[in-house]
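Engineer: Kindly return the folded structure for what I paste below:
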Amino acid sequence: MEEGIIALVREARALNSKVVSVPRLLILHSLERLGKDGAVYRELKAGLEMDDGLLYSNLKALQEMGYLQEKEVKLGKKEMASYHITDEGKEALSVARVWLKKV
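Structural biologist: The predicted structure is shown next:
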């Protein structure tokens, strides 16, 4: 087998396979771009055009991995969950980007 492919396979073992999914990469990328303020659920849903089940399950999975943090924010009279990427999330996204560029 070609040496480059073998190297890619070996490097793939260092990736967190739970991060390398399109919805999770989109969520992490979006929150990284938004910075410390992050985004509330409805902004993510509208911007990423994901249905509730897909978005919610992926947000929860990323939180459990320590890649996102949730905090309550008050918008007008409503309290809403706001999400932002952690340093660990940024690192995992960076590793995934490097590997994806090689593929």
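
Engineer: For residue 52, list the residues it contacts.
Structural biologist: With contacts defined as Cβ atoms under 8 Å, 6 or more residues apart in numbering, residue 52 is in contact with residue 45. Placement of C-beta: from N, CA and C, glycine included.

Engineer: Equivalent analysis for residue 57, please.
Structural biologist: Contacts for residue 57 were tallied using Cβ under 8 Å, 6+ apart; there are none.

Engineer: measure it to residue 51 for me?
Structural biologist: Counting by Cβ to Cβ, to the nearest Å, the gap from residue 57 to residue 51 is 10 Å.

Engineer: likewise residue 98?
Structural biologist: Distance from residue 98 to residue 51, by Cβ to Cβ: 30 Å.

Engineer: Residue 78 too?
Structural biologist: Distance of residue 78 to residue 51, computed by Cβ to Cβ: 22 Å.

Engineer: How about residue 89?
Structural biologist: Taking Cβ to Cβ, one finds residue 89 at 22 Å from residue 51.

Engineer: So which of these two has more stuff around it?
Structural biologist: The neighbour count for residue 89 versus residue 51, taken as other Cβ atoms under 10 Å, is higher for residue 89 (23 against 8).

Engineer: mind checking pLDDT for the closest residue to that one other than its chain neighbours?
Structural biologist: Computed as Cβ to Cβ, 6 or more residues apart in numbering, the closest residue to residue 89 that is not its neighbour in sequence is residue 67, at 3.2 Å. pLDDT recorded at residue 67 is 96.

Engineer: Next: the one 5 residues further on.
Structural biologist: Here the pLDDT value assigned to residue 72 is 90.

Engineer: Could you number the chain from 652 rather than 1 from now on?
Structural biologist: Renumbered: residue one is now 652, and that last one reads residue 723.

Engineer: Pretty sure residue 735 sits in a strand.
Structural biologist: Yes: judged by DSSP: H, G, I helix; E, B strand; the rest coil, residue 735 forms part of a strand.

Engineer: Would you mind measuring from it to residue 711?
Structural biologist: 15 Å.
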